[in-house]
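**Q** Give me coordinates for this.
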Amino acid sequence: MKKYFKTGLAAIAVAAVFASTAFSAEKVKVGVLHSLSGTMAISETSLRDVLLFTFDEINAAGGVMGKMIEPVVVDGASDWPLFAEKAEQLLVKDKVAATFGCWTSVSRKSVLPVYEKHNGLLFYPVQYEGEEMSPNIFYTAEAVGQQAIPAVDFLLNEGMKKFYLIGTDYVYPQTTNLVLFEYLLSKGVSVEDIGGGLRKDNAGKVISAGNYTPFGHSDFQQIVADIKKFSASGDACVINTINGDANVPFFKEFAASGITSEDCPVVSFSLSEDEFRSLPAKDLVGHLGCWTYFMSIDTLANKKFITNFNSWLAKTKVPGIIKKDRVTCSPMVLSYNGVYLWKAAVEKAKSFEPEKVMKALESGISFDGPGGKVTTQKNHHLTKTVYIGETLETGQFAIVETMKDVFGEPFLKGTFKK
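**A** Below is the predicted model of the structure:
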């Protein structure tokens, strides 16, 4: 593992900057970097909301080492170069002690060099493709082995023999589907039974698997027709890595085609309770999700989290926050967990400096969150519980399988070993 932090005079300089600007005697600044406009706002605004709730909850209990959290909220606007500009602003101008943000992998990859350049600290809360481990990012997100692989294993055990791969045209769906293509072949599924198309290089090696559409895509008529034909012989399913508001026309077209979850179940990796608020949930009954949290988890910790979040929504005066008919979902809880893990690491390190906070996180810190216990790992990922859920007409999930203490492995070779 590469050396994580600056040493010598550089480290002293970083410490001096944090001592004078990142926090005052009463407050500590943290960044919130999400899309509050554009095609990804359908998902990311709720992460902004839950972060503000978490900061208020912690402040009401005394803050972090006696300091009140002061959020600096910026809008990435579903514009990936703009994410990098906003990250620069948070680190250089606002001098935040940590940032919580990003949804898409392309936004994360846009800000990654900024956080490494300035030795900042980013908590990333959304399922992703792996094959990355930055010294300056802590991934509370589901790795492939905590979502895609368990979902495929579940479908294989249910007797599925044909897998159609579809996603949005960017790094997360492409890399995840390539991993799944190799994984399915290792499980005895033939190339002919993996739909959505393959792209090979000049040497014949598969470099892309699946059917991909742009962000904000709206015309899924031909793709759904292909899926209907692909699934006609039975024992077929769809692996869906579409991100953002394009899920709405996809599922509407899927339902309109007459295909049901019994004919061809769809398992989605970027579609949670929050997105279901914009979807015809009654037409999606029986389709699947795989996350490390569902709102339907029946525990005291989850009930308390939901109650407190709704109480905060009713009282908050932050402009633009929708207060009615709100739900909770995995990326929201992984954002919530991230703030509490950061708080615990700061208190263990007795410092807000990223170098010391990261070392504390790497040492192993646990938090009993709404989805169960999560524990930090030296590789900047989490060990946590994985759930498979079946969609209900209410837009909630009935949990059909639970896998505890799943190790967060970001790399393909490690994923195949687990």
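**Q** Stretch 253-260: which residues count as buried?
**A** Buried residues in stretch 253-260, counted by 16 or more other CB atoms under 10 Å: 253-255, 257, 259. In short, each C-beta sits where N, CA and C put it, glycine included.
**Q** what does the average pLDDT come to for it?
**A** Mean pLDDT, stretch 253-260: 93.
**Q** roughly how far out does it sit from the chain middle?
**A** 27 Å (CA atoms, centre = their mean, to the nearest Å).
**Q** Where does Met403 sit: helix, strand or coil?
**A** Following DSSP: H, G, I helix; E, B strand; the rest coil, Met403 is assigned to strand.
**Q** for the buried residues of stretch 253-260, which one is nearest Tyr340?
**A** Phe254 (37.5 Å; CB to CB).
**Q** Assumed that closest one was part of a strand.
**A** No - read with three-state DSSP, Phe254 is helix and lies in no strand.
**Q** close enough to count as contact, it and Ile223?
**A** No - taking contacts as CB atoms under 8 Å, Phe254 lies outside contact range of Ile223: 9.3 Å.
**Q** any idea how far Pro71 is from Ala281?
**A** 32 Å (CB to CB, to the nearest Å).
**Q** and Lys324, what pLDDT?
**A** 90.
**Q** which SS class is it?
**A** coil.
**Q** Let me see the contact set for it.
**A** Contacts for Lys324 (CB atoms under 8 Å, 6 or more residues apart in numbering) come out as none.
**Q** Let's see that with 10 Å instead.
**A** If a contact means CB atoms under 10 Å, 6 or more residues apart in numbering, then Lys324 has 313-314 as its contacts.
**Q** about what we covered before: now the common contact residues for Phe254 and Ile223.
**A** By CB under 10 Å, 6+ apart, the residues touching both Phe254 and Ile223 are Val238.
**Q** Now for the buried residues of stretch 253-260: which two are most distant?
**A** Glu253 and Ile259 (9.7 Å).
**Q** measure the residue nearest to Asp201 when sequence neighbours are not counted to Leu184 for me?
**A** Leaving aside its chain neighbours, Asp201 sits nearest to Ile207 (5.2 Å; criterion: CB to CB, 6 or more residues apart in numbering). In this view, Ile207 and Leu184 are 16 Å apart by CB to CB.
**Q** Over to Thr176?
**A** 12 Å.
**Q** the more surrounded of the two?
**A** Thr176 (28 against 23; other CB atoms under 10 Å).
**Q** Next, that one: secondary structure please.
**A** helix.
**Q** now it: how far from Ile239?
**A** Thr176 is 8 Å from Ile239, by CB to CB.
**Q** joint contacts of those two?
**A** 148, 165, 167, 209-210, 269.
**Q** Which ones among the residues you listed lie within strands?
**A** Among the shared contacts of Thr176 and Ile239, the members found in strands (DSSP state E) are 165, 167, 209.
**Q** Adding pLDDT and distance to Phe309, write the residues you listed out as JSON lines.
**A** Formatted as JSON lines, those follow (pLDDT from 0 to 100; distance: CB to CB, whole Å):
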{"residue": "Leu165", "pLDDT": "98", "distance to Phe309": "34"}
{"residue": "Gly167", "pLDDT": "97", "distance to Phe309": "30"}
{"residue": "Ala209", "pLDDT": "95", "distance to Phe309": "38"}
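**Q** can I get those in TSV with neighbour count and distance to Gly66?
**A** Output for those, formatted as TSV (neighbours: other CB atoms under 10 Å; distance: CB to CB, whole Å):
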residue	neighbour count	distance to Gly66
Leu165	26	50
Gly167	25	46
Ala209	27	52
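**Q** For the stretch 301-418 of the chain, which segments count as helices?
**A** 330-349, 354-362, 412-417 (DSSP state H, counting those that start in this stretch).
**Q** and the first one, C-alpha only, in PDB?
**A** It refers to helix 330-349. The C-alpha coordinates for helix 330-349 follow below in PDB (Å, rounded to 0.1, in the frame of the first residue of the first chain):
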ATOM      1  CA  SER A 330     -28.800   2.900   1.600                       C
ATOM      2  CA  PRO A 331     -26.800   5.800   0.200                       C
ATOM      3  CA  MET A 332     -28.500   8.100   2.800                       C
ATOM      4  CA  VAL A 333     -27.500   5.700   5.600                       C
ATOM      5  CA  LEU A 334     -24.000   5.300   4.300                       C
ATOM      6  CA  SER A 335     -23.700   9.100   4.300                       C
ATOM      7  CA  TYR A 336     -25.000   9.100   7.900                       C
ATOM      8  CA  ASN A 337     -22.600   6.300   8.900                       C
ATOM      9  CA  GLY A 338     -19.700   8.200   7.300                       C
ATOM     10  CA  VAL A 339     -20.200  11.300   9.400                       C
ATOM     11  CA  TYR A 340     -20.400   9.200  12.600                       C
ATOM     12  CA  LEU A 341     -17.200   7.300  11.600                       C
ATOM     13  CA  TRP A 342     -15.500  10.600  11.000                       C
ATOM     14  CA  LYS A 343     -16.600  11.900  14.400                       C
ATOM     15  CA  ALA A 344     -15.300   8.700  16.100                       C
ATOM     16  CA  ALA A 345     -12.000   8.900  14.200                       C
ATOM     17  CA  VAL A 346     -11.500  12.600  15.100                       C
ATOM     18  CA  GLU A 347     -12.200  11.800  18.800                       C
ATOM     19  CA  LYS A 348      -9.800   8.800  18.700                       C
ATOM     20  CA  ALA A 349      -7.100  10.900  17.000                       C
END
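**Q** That'll do, ta.
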